[in-house]
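Enquirer: need coordinates for the following:
(2 chains)
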Amino acid sequence: EVQLVESGGGLVQPGGSLRLSCTASGFTFSSYEMNWVRQAPRKGLEWLSYISSSGSTIYHANSVKGRFTVSRDNAKNSLYLQMNSLRAEDTALYYCVRDGWYSRYFDYWGQGILVTVSS
Amino acid sequence: QSALTQPASVSGSPGQSITISCTGTSRDVGAYNYVSWYQQHPGKAPKLMIFDVSSRPSGLLNRFSGSKSGNTASLTISGLQAEDEADYYCSSYTNTSTLYVFGTGTKVTVL
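Expert: Just a heads-up that it's a prediction; the model follows:
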């Protein structure tokens, strides 16, 4: 069974940093591209970041470019999101999401981890 | 890259069919057959319902179907049931540095 479990969320002050982790199981993690997607309270979904299976190709949404960095450790079956210079508008539920096999969609989602940016 | 446009709400009676539209541009929906649809119940993670415009994940009921014409994609739910009441989001791959874009979301209400 495919499982994606996020961790590392919590309350952080504006301007602060946080590192989210996602531990994958039930599939060959190193073979799949991965993403981060977030959802602000009572709002829609927003794609944030993509990383290729090897980690060599990365894309970020304009809203987080220069502040957030996605990375992965295939030996540890783990995906990460380093978030710096956090703002109130970054408050959201952050999902770790697997890319579909040889296509472009999101087939498995974690349960999400809440990040709250507030003083 | 702006969000894809969906109606805020769609409603129908049990047994009826409803259709949700998803309008983008020639840089996303119109550029590729990489439109997908997600169902989200309150407090739950989104669930994949349709991928590659009209393909269904294995095990998913055939009451859900997808299509696309030009820059607009559609999700049709046939034989509407109470458990179909949820938020639905479309998504598309894009040919910009914003790799993916989501729709604004549609709340489906079963009357």
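Enquirer: how many neighbouring residues does residue A:69 have?
Expert: Residues lying near residue A:69 (other Cβ atoms under 10 Å in any protein chain shown) number 17. From N, CA and C alone the C-beta is placed, and that goes for glycine too.
Enquirer: my read is that it contacts residue A:59, right?
Expert: No. Residue A:69 lies out of contact with residue A:59 (Cβ atoms under 8 Å); the separation is 11.5 Å.
Enquirer: chain B: helices as residue ranges?
Expert: Here chain B has no helices by DSSP state H.
Enquirer: run a quick neighbour tally on residue B:5.
Expert: Using other Cβ under 10 Å, the number of residues around residue B:5 comes to 15.
Enquirer: scratch that, residue A:37 is what I was asking about
Expert: The burial count for residue A:37: 26, using other Cβ under 10 Å.
Enquirer: check the secondary structure at it for me.
Expert: strand (DSSP: H, G, I helix; E, B strand; the rest coil).
Enquirer: partners of the lengthiest strand in chain B, with directions?
Expert: Across chain B, the longest stretch assigned as strand under DSSP state E is strand B:86-93. Here strand B:86-93 is paired, per DSSP bridges, with strand B:35-40 (antiparallel), strand B:100-102 (antiparallel), strand B:106-110 (antiparallel).
Enquirer: residue A:114 should be in a strand, yeah?
Expert: Yes. Per three-state DSSP, residue A:114 lies within a strand segment.
Enquirer: list the contacts of it.
Expert: Residue A:114 sits next to A:9, A:10, A:92, A:93, A:94 when contact means Cβ atoms under 8 Å, 6 or more residues apart in numbering or on different chains.
Enquirer: kindly recompute the last result at 6 Å.
Expert: Residues near residue A:114 by Cβ atoms under 6 Å, 6 or more residues apart in numbering or on different chains: A:9, A:93.
Enquirer: quick revisit: mean neighbour count added to the strands paired with strand B:86-93, as CSV?
Expert: Shown next, in CSV, are the strands paired with strand B:86-93 (neighbours: other Cβ atoms under 10 Å in any protein chain shown):
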stretch, mean neighbour count
strand B:35-40, 26
strand B:100-102, 25
strand B:106-110, 18
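Enquirer: need those in a markdown table with mean pLDDT and distance to residue B:10, can you?
Expert: A markdown table is the format used below for those (pLDDT from 0 to 100; distance: least, Cβ to Cβ, whole Å):
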| stretch | mean pLDDT | distance to residue B:10 |
| --- | --- | --- |
| strand B:35-40 | 98 | 13 |
| strand B:100-102 | 97 | 17 |
| strand B:106-110 | 97 | 5 |
